[in-house]
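Novice: Compute the structure for the input listed below.
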Amino acid sequence: MKEKLLLAAAALLGFATACNNEEDQPKVVSMYGVPYNNYKIKGKVTDKAGRPIKGIEVRSNAYLPTPEATTAADGTYDLSGKGVGNTARVTFTDTDGPANGGDFAAKTVDIEFTEAERTAKGDGDWDQGAFAKSGVDIALEEKE
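Specialist: The predicted structure follows:
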């Protein structure tokens, strides 16, 4: 009985706070989610000899929409997404095997963004701003 009385009191207090319409009282705002950063990463994928690799899948660990890109004939890629914190984990995967000049092993790298790479401030709420990093060049090794 004591537990039910405490639950009822807590519910009434929560309801009373949420329904407060007086202008001199601060508003209570309920939000769900996680603060995020927008980011843009550009670079080039090559083999150990420096030759560009076409058709490498580039993915990040960011949340929806799942950022994904594929390297062009010159090995370049351009990846955009939203992530939590100032680090994006990016995986480079050879999805077509020998068709692109070799059978390359996947590689995962953590790309750290600095304040100098900030391109926009956020709105102060969930959007924490935007970052851009170019020249993120990756050399893949052939599978053994």
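Novice: Which residues does the most centrally placed residue in the chain form beta bridges with?
Specialist: Closest residue to the average C-alpha location of the chain: residue 83 at 2.4 Å, with CA atoms, centre = their mean. Beta-bridge pairing for residue 83 (DSSP bridges): residue 37.
Novice: do residue 132 as well
Specialist: residue 40.
Novice: Let the chain start at 14 from now.
Specialist: Renumbered: residue one is now 14, and that last one reads residue 145.
Novice: can you tell me how far it sits from residue 74?
Specialist: Applying CB to CB, to the nearest Å, the value for residue 145 to residue 74 is 18 Å. Any C-beta I mention is one placed from the backbone N, CA and C, and that applies to glycine too.
Novice: Find the residue ranges of this protein scoring beneath the pLDDT cut-off.
Specialist: Applying pLDDT under 70 to the chain flags the ranges 14-45, 76-79.
Novice: What is the neighbour count of residue 56?
Specialist: Using other CB atoms under 10 Å, residue 56 has 22 other residues around it.
Novice: so it makes contact with residue 124?
Specialist: No - using CB atoms under 8 Å, residue 56 is not in contact with residue 124, being 9.1 Å away.
Novice: Which neighbours do the two have in common?
Specialist: Common contact partners of residue 56 and residue 124 (CB atoms under 8 Å, 6 or more residues apart in numbering): residue 149.
Novice: Would you state the strands of this structure in chain order?
Specialist: Using DSSP state E, the strands assigned to the chain run over residues 49-60, 69-73, 81-83, 89-96, 100-107, 120-125, 131-134, 140-146, 151-153.
Novice: Among these, which comes closest to residue 114?
Specialist: strand 49-60 (7.1 Å; CB to CB).
Novice: how distant is the closest one from the center of its chain?
Specialist: 11 Å (CA atoms, centre = their mean, to the nearest Å).
Novice: Could you tell me the angle between it and strand 89-96?
Specialist: 150 degrees (axes from the mean of the first three to the mean of the last three CA atoms, to 10 degrees).
Novice: Show me what strand 49-60 is packed against.
Specialist: Packed against strand 49-60 by the contact rule (3 or more CB pairs under 8 Å, 6 or more residues apart in numbering; DSSP states H and E) you find strand 69-73, strand 89-96, strand 100-107, strand 140-146, strand 151-153.
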